[in-house]
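Participant: Just to be clear, the model below is a prediction. Sequence and coordinates:
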Amino acid sequence: MDLNFNKNEDFNRQLVSKLKQKHKKIALGGGQNNIDKLHAGGKMTARERIDFLLDPKTESIEIGAFTGEGMYTEYGGCPSGGVVVKMGYVSGKMCVIVANDATVKAGAWFPITAKKNLRAQEISIENRLPIIYLVDSAGVFLPLQDEIFPDKEHFGRIFRNNAVMSSMGITQIAAVMGSCVAGGAYLPIMSDEALIVDKTGSIFLAGSYLVKAAIGETIDNETLGGATTHCEISGVTDYKAKDDLDALARIRSIVDKIGDYDKAGFNRSKAIKPLENEKDVYGILPKLRGEQYDMMEIIRRLVDKSEIDEYKADYGKTLITGYARIDGWAVGIIANQRKVVKNGKGEMQFGGVIYSDSADKAARFIANCNQKKIPLVFLQDVTGFMVGSKSEQGGIIKDGAKMVNAVSNSVVPKFTVIVGNSYGAGNYAMCGKAYDPRLIIAWPSAELAVMGGSQAAKVLLQIETASLKKRGEVFTPEKEKELFDHIKQRYDSQTSPYYAAARLWTDAIIDPLETRQWISMGIEAANHAPIEKPYNPGVMQV
């Protein structure tokens with residue numbers, strides 16, 4: 001191994017170490033003191049509930065662990081968006097589990113909490129997976145009610161989804177394990193089956209204080225909306241559980257009896273580990289985002305037997321397209337090549353840039369994968385489409401549109417891994433979040449932005465400089481450097497993978513060594529949802 005490999009390896013391992021440290025902190029939710037209070041009240045934490053529910057010694061993945069990272073600091077923060085979401089196996093069946101974290105503001109709903117719940121439901125809907133809600137929430141976080149209540153993708157959309165999912169035959173099970181207040185009371189009752197934990201669970205549209213204020217009635221919360229009331233008098237809930245463990249055991253029993261599912265029929269053979277050392281990824285991926293490397297070397301450490309059948313290998317070389325297997329599943333891979341290459345005319349092409357020939361190749365490959373019913377995996381390290389007079393005259397916009405069209409209309413499931421850069425229209429063409437990947441994940445080395453930090457800072461500096469000069473301010477080289485550094489620092493903070501994950505632009509930041517697991521579980525989930533319409537790219541400029 002050369003010195004550069006060792007430097008890269010040290011740097012990327014440090015990024016992964018930082019990632020794991022952040023995970024540990026996030027797992028504490030609202031802090032150890034709040035966890036202790038929950039335990040003292042006879043309740044389990046959200047993560048403990050999920051861990052008990054999941055089958056032992058099986059794989060699971062967490063969606064949106066970094067949701068809310070660095071947000072709502074004026075209110076004390078909102079770790080993981082105040083809700084934990086995992087996809088894993090319950091009684092042998094793959095399910096989505098959504099658990100309110102009562103250690104974070106008593107499980108109150110922030111705007112990002114609603115977005116994360118909607119993402120969990122979206123995953124359930126797209127993949128026809130049963131979904132389990134473990135409810136323990138004080139309701140909407142009132143100081144931010146205007147950002148969570150009335151809009152289409154706000155709180156009410158969750159209950160609309162409950163109804164739509166029920167009509168689709170997607171099993172929804174809810175356990176009320178704490179507070180379930182106001183509009184939030186509709187979620188468990190719009191589920192197919194609802195459980196409530198005696199003495200700790202409660203459901204009501206208005207609590208005792210509001211009832212007293214509104215109609216003058218004096219009543220305690222347990223009588224108003226506890227387990228006895230709803231299991232014996234109102235009939236609102238279906239099962240009464242004596243404690244958290246009893247409720248979770250009942251859910252496992254219910255899920256155990258769900259019938260089998262129709263399959264999409266994606267091809268899978270026996271999984272074979274990559275022949276190349278997977279950990280070499282740390283040394284291959286460069287420390288500096290602008291440096292070249294061979295993406296094919298990354299691919300060989302992700303795919304079974306390190307084998308890929310490359311499609312149009314000698315054409316459109318700044319994109320790699322080919323067929324492979326990941327954990328046994330057949331996949332079509334579209335990856336940005338990050339080294340400088342020569343096209344068929346002997347002309348040099350920059351790595352990480354999409355040219356006309358690359359876009360044309362990708363569009364054709366996507367059509368082939370749709371015809372063969374092969375899921376697509378996008379490996380992003382893209383700076384955008386090629387610019388300049390030659391590219392414009394060659395029809396780069398037309399060819400780029402052809403690729404975007406193919407990605408948009410693809411009917412096979414798509415999975416996106418952001419390895420490095422994810423800039424501008426390149427993010428879109430390589431199946432960014434707006435293009436409905438079933439899962440979109442980022443490595444700690446990822447950056448998401450309209451353009452790179454230095455380029456953006458230079459553009460913004462020119463605008464700021466012109467504004468200052470108009471006001472007659474003296475602009476020295478020192479002042480210019482200070483302003484450039486300030487702009488770049490601010491911009492760079494917004495390109496961080498953690499900034500993106502906090503806002504659910506990605507589903508997770510993962511150790512590169514977990515990539516095979518995420519894609520495998522993603523395809524297994526997608527296999528629950530048969531493809532119901534043919535691939536039709538619509539009108540394209542040929």
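Facilitator: Now that the structure is in, tell me what you want to look at.

Participant: Please make it C-alpha for all contacts and neighbour counts, starting now.
Facilitator: Fine.

Participant: quick check: longest helix of this structure.
Facilitator: As assigned by DSSP state H, the longest helix anywhere in the chain is helix 3-26.

Participant: I320 contacts R338, doesn't it?
Facilitator: No - contact criterion Cα atoms under 8 Å: I320 and R338 do not qualify, at 10.0 Å.

Participant: follow-up on the earlier one: could you list the residues in contact with the helix or strand following the longest helix of the chain?
Facilitator: Going down the chain from helix 3-26, the next helix or strand is helix 32-40, by DSSP states H and E. Helix 32-40 is contacted from outside by 28, 44-45, 102-103, using Cα atoms under 8 Å, 6 or more residues apart in numbering.

Participant: try stretch 492-499
Facilitator: 66, 69-70, 442-449, 453, 500, 509.

Participant: what do you get for stretch 262-281?
Facilitator: Outside stretch 262-281, the residues within contact range by Cα under 8 Å, 6+ apart are 9, 298, 300-307, 326-330, 373-375, 512-513, 526-531.

Participant: and if we set it to 7 Å?
Facilitator: 298, 300-306, 327-330, 373-374, 513, 527-531 (Cα atoms under 7 Å, 6 or more residues apart in numbering).

Participant: From those, list the buried ones, please.
Facilitator: Buried residues within those, counting neighbours by 16 or more other Cα atoms under 10 Å: 298, 300-306, 327-330, 373-374, 513, 527-531.

Participant: Mind checking which of those residues land in helices?
Facilitator: Using DSSP H, the buried ones among the contacts of stretch 262-281 in helices are I298.

Participant: Where strands are concerned, which of the buried ones among the contacts of stretch 262-281 count?
Facilitator: 329-330 (DSSP state E).

Participant: Low-confidence stretches in the stretch 151-300 of the chain?
Facilitator: Residue ranges of the stretch 151-300 of the chain with pLDDT under 70: 183.

Participant: how about the helices in it?
Facilitator: Applying DSSP state H, counting those that start in this stretch to the stretch 151-300 of the chain gives helices spanning 155-167, 186-189, 208-215, 221-225, 227-228, 244-256, 281-284, 295-299.

Participant: Same check on the stretch 401-542 of the chain?
Facilitator: 424-429, 453-470, 477-495, 497-502, 515-526.

Participant: what's the closest of those to G225?
Facilitator: Proximity to G225, assessed across these by Cα to Cα, is greatest for helix 497-502 (34.8 Å).

Participant: just to revisit the earlier point, relative to L19, which of the helices of the stretch 401-542 of the chain is closest?
Facilitator: Ranking the helices of the stretch 401-542 of the chain by proximity to L19 (Cα to Cα) places helix 497-502 first, at 9.4 Å.

Participant: so how many other residues sit close to K533?
Facilitator: For K533, the count of nearby residues is 8 (other Cα atoms under 10 Å).

Participant: about what we covered before: save the contacts of stretch 492-499 as a markdown table, and put in distance to A434 and neighbour count too.
Facilitator: Below are the contacts of stretch 492-499 laid out as a markdown table (distance: Cα to Cα, whole Å; neighbours: other Cα atoms under 10 Å):
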| residue | distance to A434 | neighbour count |
| --- | --- | --- |
| F66 | 19 | 27 |
| E69 | 21 | 21 |
| G70 | 23 | 15 |
| A442 | 15 | 29 |
| W443 | 19 | 23 |
| P444 | 21 | 25 |
| S445 | 21 | 23 |
| A446 | 17 | 22 |
| E447 | 16 | 28 |
| L448 | 13 | 27 |
| A449 | 14 | 20 |
| G453 | 22 | 19 |
| A500 | 13 | 24 |
| I509 | 18 | 26 |
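
Participant: quick one: which of these sit in strands?
Facilitator: 442, 447-449, 509.

Participant: lowest-pLDDT helix or strand in this structure?
Facilitator: Using mean pLDDT, DSSP states H and E, the weakest-scoring helix or strand in the chain turns out to be helix 453-470, at a mean of 74.

Participant: can you list contacts of stretch 115-132?
Facilitator: Applying Cα under 7 Å, 6+ apart, the set of residues contacting stretch 115-132 from outside is 85, 94-98, 158, 165, 170-174, 525-526, 528-529.

Participant: buried subset of those residues?
Facilitator: 85, 94-98, 158, 165, 170-174, 525-526, 528-529.

Participant: I am assuming D381 contacts G426, so please confirm or correct that.
Facilitator: No - counting by Cα atoms under 7 Å, D381 stays clear of G426, with 8.8 Å between them.

Participant: so what's T515 closest to, chain neighbours aside?
Facilitator: Distances taken as Cα to Cα, 6 or more residues apart in numbering place L302 nearest to T515, at 7.4 Å, with adjacent residues excluded.

Participant: tell me which residues in the longest helix of the chain are buried?
Facilitator: Across helix 3-26, burial judged by 16+ other Cα under 10 Å covers 5, 8-9, 11-13, 15-16, 19, 26.

Participant: mind putting the residues you listed in JSON lines, pLDDT included?
Facilitator: Formatted as JSON lines, those follow (pLDDT from 0 to 100):
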{"residue": "F5", "pLDDT": "95"}
{"residue": "N8", "pLDDT": "97"}
{"residue": "E9", "pLDDT": "97"}
{"residue": "F11", "pLDDT": "97"}
{"residue": "N12", "pLDDT": "98"}
{"residue": "R13", "pLDDT": "98"}
{"residue": "L15", "pLDDT": "98"}
{"residue": "V16", "pLDDT": "98"}
{"residue": "L19", "pLDDT": "98"}
{"residue": "I26", "pLDDT": "96"}
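
Participant: Export those residues as JSON lines, with columns for distance to S356.
Facilitator: Formatted as JSON lines, the buried residues of helix 3-26 follow (distance: Cα to Cα, whole Å):
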{"residue": "F5", "distance to S356": "32"}
{"residue": "N8", "distance to S356": "32"}
{"residue": "E9", "distance to S356": "34"}
{"residue": "F11", "distance to S356": "34"}
{"residue": "N12", "distance to S356": "33"}
{"residue": "R13", "distance to S356": "36"}
{"residue": "L15", "distance to S356": "34"}
{"residue": "V16", "distance to S356": "35"}
{"residue": "L19", "distance to S356": "37"}
{"residue": "I26", "distance to S356": "44"}
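
Participant: Let me know the closest of the residues you listed to D151.
Facilitator: Closest to D151, out of all of these and judged by Cα to Cα, is I26, at 28.9 Å.

Participant: State the distance from the closest one to D243.
Facilitator: The gap separating I26 from D243 is 26 Å, by Cα to Cα, to the nearest Å.

Participant: now swap in F155 and tell me
Facilitator: F155 is 28 Å from D243, by Cα to Cα.

Participant: who's more crowded, those two?
Facilitator: Neighbours were counted for F155 and for D243 using other Cα under 10 Å; F155 has more, 25 against 18.

Participant: List the contacts of that one.
Facilitator: F155 touches 114, 148-149, counting by Cα under 7 Å, 6+ apart.

Participant: By neighbour count, which of the residues you listed wins?
Facilitator: A114 leads the contacts of F155 on contacts (other Cα under 10 Å) with 24 neighbours.

Participant: I'd assumed H154 was in contact with it.
Facilitator: Yes - with contact defined as Cα under 7 Å, A114 counts as touching H154 (6.2 Å).

Participant: what's the neighbour count on A102?
Facilitator: Residues near A102, counting by other Cα under 10 Å, number 26.

Participant: ok, it - contacts?
Facilitator: 136-137.

Participant: switch the cut-off to 8 Å
Facilitator: Contacts here follow Cα under 8 Å, 6+ apart; on that basis A102 touches 38, 45-46, 82, 108, 136-137.

Participant: nearest to C231, of those residues?
Facilitator: D136 (18.0 Å).

Participant: Helix or strand for that closest one, just tell me which one.
Facilitator: Using DSSP H and E, D136 falls in strand 131-137.

Participant: Can you show me the CA trace of that strand as PDB?
Facilitator: Extracted C-alpha coordinates of strand 131-137, given in PDB (Å, rounded to 0.1, in the frame of the first residue of the first chain):
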ATOM      1  CA  ILE A 131     -46.000  -0.800  10.100                       C
ATOM      2  CA  ILE A 132     -46.000  -0.700  13.900                       C
ATOM      3  CA  TYR A 133     -46.500   2.500  15.900                       C
ATOM      4  CA  LEU A 134     -45.300   2.600  19.500                       C
ATOM      5  CA  VAL A 135     -47.100   5.800  20.700                       C
ATOM      6  CA  ASP A 136     -45.900   7.900  23.600                       C
ATOM      7  CA  SER A 137     -46.300  11.600  22.800                       C
END
